[in-house]
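*Asks:* Predicted structure and sequence below. I'll ask about it afterward.
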Amino acid sequence: MLSFWQSSVGKKAAMGLTGLIVVGFVLVHMAGNLQFFVGPSKFNEYSHLLRHTLIELTWIVRLVLLAAIAVHITAAWQLTQRAKAARPVGYERRDAQVSTYASRAMRWGGVYLLVFIVYHILHFTTGTLHPAYDEAQAYGNVVIGFSSLWVSLFYLGAMALLSLHLYHGTWACLRSLGLAKPSSNPLERRIALIVAIVVPAGFSLLPLSVLLGIVR
Ligand code: HEM
């Protein structure tokens, strides 16, 4: 296991597996968030379920996510250092030939998403960076939180980057884990496209509905 982790292929496989764990989480989190549109009591009940009734499960998910993100970032950092060491002198001119914009935005986009996740937890989970946090009022916390234009824009920016990260990441995960078959119209590209549209669009409905005054 250790020698597999020390190889670059092993680090890519670890990034693939941990990336898939986070893709699974964002799909479930986004679907759960749509209960916001059922109304305050349903959304508050859902939050209560996660924070009290199913607290053991919530802690398991938290620890698995934390470990997955730590391994994902460590492997990304180490692979970047290896790539730099393999070519210590930069290119004079670099024209992208086959890479997509999404693939080139993985590193800085990943850093933005990390900052977003830390802010997001201090905003909606602990309430530290929320102007009027009430643990029992998850619905009200979201409405008040997104009443700030800057906060909503920060979230929407993160969702745009999440879309790019998911588009390249979902495709790359499936390939790194050897789950992709050779094809001129690969299935994993279509799966990645659907995930990259559906997840950020579903999440963005919350800040957008508050900003546009549809939800108060
Ligand atoms: C517009 C986008 C999003 C909205 C509106 C949103 C909303 C929320 C809310 C309301 C909570 C607190 C739930 C509660 O009452 O316990 C929460 C928790 C959380 N969200 Fe999000 N979320 C968004 C995007 C994301 C993304 C992209 C991630 C990426 C991984 C994420 C990860 C988390 C995590 C890890 C928690 C903490 C769970 C816990 O430890 O209790 N969220 N989110």
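*Replies:* Cool, the structure landed. All figures in this text were calculated on a predicted structure; none of them were measured in a lab.
*Asks:* Which of the helices or strands spans the spatially most distant residue from the centre of the chain?
*Replies:* What lies farthest from the middle of the chain is Glu92; by Cα atoms, centre = their mean that is 33.4 Å. Assigned by DSSP states H and E, Glu92 belongs to no helix or strand.
*Asks:* cool, and the one 10 residues further on?
*Replies:* Under the criterion DSSP H and E, the helix or strand holding Ala102 is helix 101-104.
*Asks:* just how off-centre is that helix within its chain?
*Replies:* Going by Cα atoms, centre = their mean, to the nearest Å, the spacing between the C-alpha centre of helix 101-104 and its chain's C-alpha centre is 16 Å.
*Asks:* which helices and strands sit right next to the helix or strand just after that helix?
*Replies:* As assigned by DSSP H and E, the chain's next helix or strand after helix 101-104 is helix 106-120. Packing partners of helix 106-120 (3 or more Cβ pairs under 8 Å, 6 or more residues apart in numbering; DSSP states H and E): helix 55-86, helix 149-176. Where you see a C-beta, it was placed from the backbone N, CA and C, and this is true even at glycine.
*Asks:* can you list those helices in a markdown table and add mean neighbour count?
*Replies:* Below are the helices and strands packed on helix 106-120 laid out as a markdown table (neighbours: other Cβ atoms under 10 Å):
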| stretch | mean neighbour count |
| --- | --- |
| helix 55-86 | 13 |
| helix 149-176 | 19 |
